[in-house]
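Student: what follows is a predicted structure for the sequence shown.
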Amino acid sequence: MTNLVTTPVRYAHVRQKRLNYTIAYTFDKDAKGELNIAYGVAQCRRNDTFTRADGRAFAEGRLNKALKSPMNQDIYYGSFTATDTPGVPVSKLVRDAFEADRKVALAAYNRQSVAAQASLNALLDMGFRVG
């Protein structure tokens, strides 16, 4: 990846019915025409008031984590390479990557929750008491 630290930071604010988040991202194009993208995401909790300034500050902090250690990936920050497709904004590529990672993380969490509930139910069936 080239030096993304020197490229300008751009922002996208996404507001959906049940999910609000801000993306801070930077990118450049390599000699092959591929886009090298680094990003950070700040997601609002249900009770948070959406503010662009706070979202940008948190997202840019996570972007800096991605830039400092490109091998370290998290659901809220990371880097990847994508093909430059005419008419497709880079912010859409980042949104799609984040939402795909988020869905995978939620599915894993749900599997763990279901397994934990099944274990608890098995213990209760064997006569163990909770509390």
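Tutor: Received the coordinates, thanks. Numbering: from 1, shown residues only.
Student: CA atoms for contacts and neighbours, from now on please.
Tutor: Noted.
Student: which strand or helix spans the residue nearest to Glu60 when sequence neighbours are not counted?
Tutor: Distance criterion C-alpha to C-alpha, 6 or more residues apart in numbering; nearest residue to Glu60, sequence neighbours excluded, is Ala24 at 5.4 Å. Secondary structure from DSSP states H and E places Ala24 in strand 20-29.
Student: who's in contact with that strand?
Tutor: With contact meaning C-alpha atoms under 8 Å, 6 or more residues apart in numbering, strand 20-29 is reached by 2, 4, 7-15, 35-44, 50, 52, 55-56, 59-60, 63, 91, 94-95.
Student: lowest mean pLDDT among the helices and strands, pick that one out for the protein.
Tutor: helix 90-125 (a mean of 74; mean pLDDT, DSSP states H and E).
Student: tally of neighbours for Pro70?
Tutor: 15 (other C-alpha atoms under 10 Å).
Student: tell me the spacing between the residue most central in space within the chain and Gly33.
Tutor: Among the residues of the chain, Tyr76 comes closest to the average C-alpha position under C-alpha atoms, centre = their mean, at 3.4 Å. Taking C-alpha to C-alpha, to the nearest Å as the measure, Tyr76 falls 26 Å from Gly33.
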